[in-house]
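Trainee: Test case, fold it:
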Amino acid sequence: LEASGNGAGDKIQTDGGFLYRLCADGRIRILRLQDMEEVTSLSVGGEQEKAEEIYVKGDRMLVVTVGTPEDLTEGGEGFETAEKSYVTIYLYDISDVEHPSLHGSIMGEGNYWASWAKGDYFYMICRRTATIEERSDELQKIGGSIILLEKDGTQTEESAGGTAPPIRFPMTSGIQDYLEISSICLTDGNLQTDVENYMDVEGEGHMFAGEDHFYLTMTKDLENGEETQITKYSYQDGIVKREGQAEVSGGVDDDAFLDEEQGFFRVITNSREGMEANLYILDEEMKLCGKRKDLAAGTLVTAAVYVGDQVYFSTSQGEGGLSAMDLSDPEHPREMTEQKRMSGYSMLRQYGETLLLAIKAAGEEENLELSLSMFDISGQGETKEDQVTLRDVGEVPFLENSKGLMTDGERKLIGFAVQERYYVFSYGEDRFVEEFAWELEEGIDADDVRGFASGERFYVTAGELVWAFDMEHGFEAVESGTEPEKIH
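Mentor: Numbering: from 1, shown residues only. Sure, this is the predicted structure:
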């Protein structure tokens with residue numbers, strides 16, 4: 001689950017002067033980019049914790065870890081209840097980058113679901129399982145109240161005293177899945193948590209985080225097909241408030257199917273039972289104001305990207321081309337042009353202001369082909385397309401975790417790892433150019449490889465190894481933990 005539209009954590013972060021990277025041994029290693037020297041490293045968390053991602057802003061660094069309590073790893077009664085895992089966020093002051101200092105930490109019980117940053121706050125969502133009685137016991141310890149939510153919308157509050165914020169909990173019997181939403185202040189060094197929104201969750205979830213609101217979707221299987229519940233939250237200066245909820249037919253398959261523009265929320269769903277895709281547009285009050293049924297002409301949508309008042313999408317079948325809808329009138333979305341369907345693409349991404357990168361994987365794993373296509377969406381004249389195909393690439397992890405795909409529209413660079421190689425392409429003058437590629441060392445997991453450009457250099461990280469290349473001199477290797485073998 002990823003948050004779109006705001007800062008998000010990953011295995012690496014850079015502020016232009018230093019590289020902060022999460023290594024396989026769980027340590028955070030900080031490297032000075034100018035001379036490729038490591039300035040310090042630090043261990044985060046306890047033996048039962050594993051660091052998942054880091055986030056850097058200014059002189060603050062956040063590290064998110066997940067863990068399992070020691071008593072559960074020893075085969076106790078609770079061993080089978082995976083929901084007893086926990087998430088910890090550690091906040092460091094890195095104003096003296098050679099000597100990071102821990103300001104504090106906060107732990108949330110449950111499974112890590114998503115996190116993102118906006119302004120001076122970092123937000124996190126955990127998915128928990130508990131009974132009302134278990135939640136009430138926790139409130140008795142910290143002081144607070146629990147608000148029981150009936151299906152008809154009525155609320156009953158049970159106070160436990162104290163000053164803790166009220167907890168909203170669905171009034172159902174037995175074990176319940178719900179979400180815990182927390183916010184943490186970054187600027188003053190004090191960890192602040194505001195946990196007040198709990199939501200009955202069941203099924204597969206996705207999210208979109210916009211400028212002032214974020215949206216969570218949960219897709220459930222019903223007797224007559226799938227239904228998606230959409231919940232809208234406002235968030236400002238760490239305060240999270242539930243604003244509304246709606247239901248639409250079909251299921252959401254990707255975070256990229258969600259978007260908000262000028263107060264209108266847009267969502268694409270797939271209904272596999274009827275083999276159709278639908279587009280819904282909700283207003284600020286979460287009321288349906290526009291829709292387009294059977295968006296993909298009897299097929300499903302496989303990828304989508306919103307660009308302002310337009311949405312471009314790929315279908316599971318078709319003749320190729322470019323598929324797009326004009327959403328400038330939310331009540332009447334319309335097909336932009338008479339065009340063939342863009343089909344079979346797994347990922348779409350805006351590239352600069354006027355280009356659209358489309359990525360497709362086809363074939364069996366042992367001889368998988370990866371195709372990159374670039375479409376001109378400027379609207380000036382006939383649509384142009386250029387394509388490059390890589391054969392026998394094996395696994396393509398960035399199709400599952402898009403953080404592994406580096407796109408830099410300003411520098412016109414695209415970088416990614418496949419099973420055995422890392423590729424960097426440039427795009428200019430209506431064509432792709434392979435800048436370089438090399439074989440990854442045995443034992444390197446392509447899902448752990450990241451690339452980025454800074455100054456005149458391009459950097460690639462893989463665990464504890466870092467490679468630097470001079471972009472001004474044909475991507476010549478500058479310095480590396482292990483000299484890569486170029487395979488132009």
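
Trainee: from the middle of its chain, how far away would the one helix or strand S373 maps to be?
Mentor: Counting by DSSP states H and E, the element that carries S373 is strand 369-376. Relative to its chain's centre, strand 369-376 lies at 22 Å (C-alpha atoms, centre = their mean, to the nearest Å).

Trainee: now that strand: mean pLDDT?
Mentor: Mean pLDDT, strand 369-376: 91.

Trainee: who does the residue nearest to R349 when sequence neighbours are not counted bridge with?
Mentor: Nearest residue to R349 in three dimensions, chain neighbours excluded: L357, at 4.8 Å (C-beta to C-beta, 6 or more residues apart in numbering). Glycine gets a C-beta too; all of them are placed from N, C-alpha and C. Beta bridges link L357 to R349, M374, judged by DSSP bridges.

Trainee: What score does L357 have for pLDDT?
Mentor: 93.

Trainee: so who does it touch?
Mentor: L357 sits next to L348, R349, Q350, Y351, L372, S373, M374, T407, I414 when contact means C-beta atoms under 8 Å, 6 or more residues apart in numbering.

Trainee: cutoff 10 Å now
Mentor: L357 sits next to 305, 345, 347-351, 372-375, 405, 407, 409, 414, 427 when contact means C-beta atoms under 10 Å, 6 or more residues apart in numbering.

Trainee: Any idea which of those residues the model trusts least?
Mentor: Out of the contacts of L357, that is G409, at 84.

Trainee: I figured that one was touching L355, is that so?
Mentor: Yes. Using C-beta atoms under 10 Å, G409 makes contact with L355 at a distance of 7.4 Å.

Trainee: Now do the shared contacts for the two.
Mentor: By C-beta under 10 Å, 6+ apart, G409 and L355 have these common neighbours: R349, Y427.

Trainee: Between those two, point out the one with more neighbours.
Mentor: L355 (19 against 16; other C-beta atoms under 10 Å).

Trainee: Tell me, how many residues neighbour the nearest residue to the more buried one once chain neighbours are set aside?
Mentor: Nearest residue to L355, sequence neighbours excluded (C-beta to C-beta, 6+ apart): M374, at 5.6 Å. If you count neighbours by other C-beta under 10 Å, M374 ends up with 22.

Trainee: cool, C289 as well?
Mentor: Per other C-beta under 10 Å, the neighbour tally for C289 reads 16.

Trainee: Who are the contact partners of it?
Mentor: C289 makes contact with F264, F265, Y280, I281, L282, D283, D329, P330, E331, H332, according to C-beta under 10 Å, 6+ apart.

Trainee: which non-adjacent residue is nearest it?
Mentor: With sequence-adjacent residues excluded and distances taken as C-beta to C-beta, 6+ apart, C289 is closest to D283, at 4.7 Å.

Trainee: Now for that neighbour: which residues touch it?
Mentor: By C-beta under 10 Å, 6+ apart, D283 lies in contact with G244, A246, G263, F264, F265, C289, G290, P330, E331.

Trainee: Extract the CA atoms of whichever strand or helix holds the second one and return them as CSV.
Mentor: Which is A246. Element membership of A246, judged by DSSP H and E, is strand 239-249. Extracted C-alpha coordinates of strand 239-249, given in CSV (Å, rounded to 0.1, in the frame of the first residue of the first chain):
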residue,chain,number,x,y,z
ILE,A,239,-5.2,16.1,13.1
VAL,A,240,-7.1,13.4,11.3
LYS,A,241,-10.9,13.6,10.9
ARG,A,242,-13.2,11.3,9.1
GLU,A,243,-15.2,13.3,6.6
GLY,A,244,-17.5,10.8,4.7
GLN,A,245,-18.0,7.4,3.1
ALA,A,246,-19.4,6.0,-0.1
GLU,A,247,-19.8,2.6,-1.8
VAL,A,248,-19.3,1.8,-5.5
SER,A,249,-19.6,-1.4,-7.5
